[in-house]
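*Asks:* Compute the structure for the input listed below.
(chains A, B, C and D)
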There are 2 protein chains.
Amino acid sequence: MSEPASITPNRHLTSKEHLRLWLRLLRTTRRVESELRERLRLQFNTTLPRFDVMAALSRHPDGLKMNELSQQLKVSNGNVTGIISRLVEDGWVERIAIEGDRRATRVLLTRAGTEQFHQMAQAHEHWVDELFSSLSSQETHHMNELFAHLPTEAGPEPDSPESTTQGDTP
Amino acid sequence: MSEPASITPNRHLTSKEHLRLWLRLLRTTRRVESELRERLRLQFNTTLPRFDVMAALSRHPDGLKMNELSQQLKVSNGNVTGIISRLVEDGWVERIAIEGDRRATRVLLTRAGTEQFHQMAQAHEHWVDELFSSLSSQETHHMNELFAHLPTEAGPEPDSPESTTQGDTP
DNA sequence: GTATAAACGTTTAGGCTTGAAATACTTTTC
DNA sequence: GAAAAGTATTTCAAGCCTAAACGTTTATAC
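*Replies:* Numbers count the residues shown, from 1 in each chain, chains lettered A, B, ... in the order given. Sure, this is the predicted structure:
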């Protein structure tokens, strides 16, 4: 209490509203996510992380290094190892050695994996469309534009002139 | 393939746009979430789930049954058990037996836990405000309204007259 | 009054997630 | 060409998460 000066970017006016928006965003996202998760489980016996990995791989038919994959998905390196291992067990992904560099491997979808993914992707698109069906085309478009203002990519805050905000964590 | 009639609520026109919006929503949420998670870790040595639990408890000074808690947070029953156990170890939460019903327990914040939470909540609000600082008050308000159209609460889809969508998973 | 059902919380098995440490290989440097 | 530095991946410990299986305890039915 006692009015921390120059701490809030917007002079503690929008603070509550931003919080409200964030909570709403979070609730909505979690709701949709858990719906998708459950449907993936029931209808394809798979998980959202697996789906995400397969989606990334499907965008790169020549395969990706584990490295690149974890960067694309913005998850930790060690995390991807486990997911890929299970996908390999299921026969949907294969690891291929890279010539000239025995440290790295390239991972890519098998033919079966590609087919499986296409089916899942189709269902996934329908589900999302259904879950967002209460938004008109206009509203969807509008919202998409508003989101463009928000930070989606990692990296330091847009900028901070003399931000004494919460300083110094070395 | 072959035009599945009456499958897409909006006649497969908005489908791609809905998908686009969903992906953006997801990216933004994850970005903010991971930022908050990291700050909570660095500055308070805690986690987002712990914070969420403490927030829920702080709204109920008289405590909640494990039951009610997991419902409020919309997470599984067993999940809450572990989080509460760790919070109890840290001295921020206590379990109190309920008279007349030896099945249930009431959990509530200790005095220390309440104080700790207030500090975290204050920082949390600042962080969110900062992360959303690129949205004007108007935009924030507008967005909040658009979200009202979206399904945030669990439950069956808004309605589905003769939805043959993906039917029957008993 | 006892059998049965319902409610409550924990435990368990399996998977996701991170950050840190370990391992294995490659390139650079001297 | 051996040591050092760097790169790519895996392993590990700890925590989060779910669905399902389990014990208790309480309520309901007969």
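
*Asks:* need the helices for chain A, in chain order.
*Replies:* Ranges of helices in chain A, per DSSP state H, are A:15-44, A:48-58, A:66-73, A:77-89, A:111-131, A:137-147.

*Asks:* of all the ones you listed, which lies closest to B:Arg41?
*Replies:* Proximity to B:Arg41, assessed across the helices of chain A by C-beta to C-beta, is greatest for helix A:77-89 (16.7 Å). C-beta coordinates here come from the backbone N, C-alpha and C atoms, glycine included.

*Asks:* Is the closest one positioned near DNA strand C?
*Replies:* Yes. Contact of helix A:77-89 with DNA strand C (C-beta under 7 Å from any atom of the strand) involves A:Asn77, A:Gly78, A:Asn79, A:Gly82, A:Ile83, A:Arg86.

*Asks:* Now that helix - C-alpha only, PDB.
*Replies:* Extracted C-alpha coordinates of helix A:77-89, given in PDB (Å, rounded to 0.1, in the frame of the first residue of the first chain):
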ATOM      1  CA  ASN A  77      15.100 -29.500 -24.700                       C
ATOM      2  CA  GLY A  78      14.700 -32.400 -22.400                       C
ATOM      3  CA  ASN A  79      11.000 -32.300 -22.700                       C
ATOM      4  CA  VAL A  80      11.000 -33.000 -26.400                       C
ATOM      5  CA  THR A  81      13.200 -36.100 -25.900                       C
ATOM      6  CA  GLY A  82      10.500 -37.900 -24.000                       C
ATOM      7  CA  ILE A  83       7.600 -37.000 -26.300                       C
ATOM      8  CA  ILE A  84       9.600 -38.000 -29.400                       C
ATOM      9  CA  SER A  85      10.600 -41.300 -27.800                       C
ATOM     10  CA  ARG A  86       6.900 -42.200 -27.300                       C
ATOM     11  CA  LEU A  87       6.000 -41.100 -30.800                       C
ATOM     12  CA  VAL A  88       8.800 -43.300 -32.100                       C
ATOM     13  CA  GLU A  89       7.500 -46.200 -30.100                       C
END
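
*Asks:* ok, and for that helix, which residues are buried?
*Replies:* A:Val80, A:Ile83, A:Ile84, A:Arg86, A:Leu87 (16 or more other C-beta atoms under 10 Å in any protein chain shown).

*Asks:* Count the residues that sit near A:Gly63.
*Replies:* 18 (other C-beta atoms under 10 Å in any protein chain shown).

*Asks:* Report pLDDT for the spatially closest residue to it that is not a sequence neighbour.
*Replies:* Once flanking residues are discounted, A:Gly63 sits nearest to A:Leu108: 3.3 Å by C-beta to C-beta, 6 or more residues apart in numbering or on different chains. With respect to pLDDT, A:Leu108 scores 97.

*Asks:* From what I see, A:Leu108 and A:Pro61 are in contact.
*Replies:* Yes. Using C-beta atoms under 8 Å as the test, A:Leu108 is close enough to A:Pro61 to be in contact (7.1 Å).

*Asks:* These two: which is more packed in?
*Replies:* Neighbour count, other C-beta under 10 Å: between A:Leu108 and A:Pro61, A:Leu108 has more, with 17 against 9.

*Asks:* So the residue nearest to the spatial centre of chain A versus A:Val93, what's the distance?
*Replies:* With distances taken as C-alpha atoms, centre = their mean, A:Leu73 lies nearest the centre of chain A, 6.2 Å away. A:Leu73 sits at a distance of 14 Å from A:Val93 (criterion: C-beta to C-beta, to the nearest Å).

*Asks:* Likewise for A:Ser58?
*Replies:* Counting by C-beta to C-beta, the gap from A:Ser58 to A:Val93 is 11 Å.

*Asks:* and for those two, which residues touch both?
*Replies:* Residues within reach of A:Ser58 and of A:Val93 at once, by C-beta atoms under 8 Å, 6 or more residues apart in numbering or on different chains, are A:Leu109.

*Asks:* Give me the more crowded residue out of these two.
*Replies:* Neighbours per residue (other C-beta under 10 Å) separate A:Ser58 from A:Val93, with A:Val93 holding more: 23 against 16.
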